[in-house]
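**Student:** 3D model of this:
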Amino acid sequence: MLAACDKELLGQVFEEGELKLNVKEEFYGGEIVTIEIFEEKLKRAKIANLVGTNVVTKATELGLLDRGAVLEIAGVPHAQIANI
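**Tutor:** Modelled structure (predicted):
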């Protein structure tokens, strides 16, 4: 499983109506990588949890995610991918 977020979102909480997105460092934190390394890891991941414009856009560009499956909470894109 790959959990990835845009670096600037780490540790923040986003709320919109009843929806809440907590970008916890315990879950998303770990190593900070380049977008190229993220791309390599994403291509190998069976499950991915993504938060942020950069990571969601890259997943879409790679054809691993349909933009229609992206949920936005307080303007922040969030998506999950399962390759079973």
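
**Student:** in this protein, which spans are strands?
**Tutor:** Counting by DSSP state E, the chain has strands at residues 2-5, 13-16, 19-22, 47-51, 71-73, 76-82.

**Student:** tell me how many other residues crowd the closest residue to A59 other than its chain neighbours.
**Tutor:** Leaving aside its sequence neighbours, A59 sits nearest to L65 (CB to CB, 6 or more residues apart in numbering; 4.0 Å). For every residue, glycine as well, the C-beta is placed using N, CA and C. As a burial measure, L65 scores 22 neighbours (other CB atoms under 10 Å).

**Student:** separation between L65 and H78?
**Tutor:** 11 Å (CB to CB, to the nearest Å).

**Student:** now the common contact residues for the two.
**Tutor:** 50, 56 (CB atoms under 8 Å, 6 or more residues apart in numbering).

**Student:** rewinding a little: can you add mean neighbour count and give the strands of the chain back as JSON lines?
**Tutor:** Shown next, in JSON lines, are the strands of the chain (neighbours: other CB atoms under 10 Å):
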{"stretch": "strand 2-5", "mean neighbour count": "20"}
{"stretch": "strand 13-16", "mean neighbour count": "13"}
{"stretch": "strand 19-22", "mean neighbour count": "14"}
{"stretch": "strand 47-51", "mean neighbour count": "21"}
{"stretch": "strand 71-73", "mean neighbour count": "14"}
{"stretch": "strand 76-82", "mean neighbour count": "17"}
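
**Student:** contacting residues around the residue positioned nearest the centre of the chain?
**Tutor:** Taking CA atoms, centre = their mean, the centroid of the chain lies closest to L50, which sits 1.3 Å from it. Contact analysis of L50 by CB under 8 Å, 6+ apart lists 4-5, 56, 59, 65, 77-81.

**Student:** alright, that wraps it up for me.
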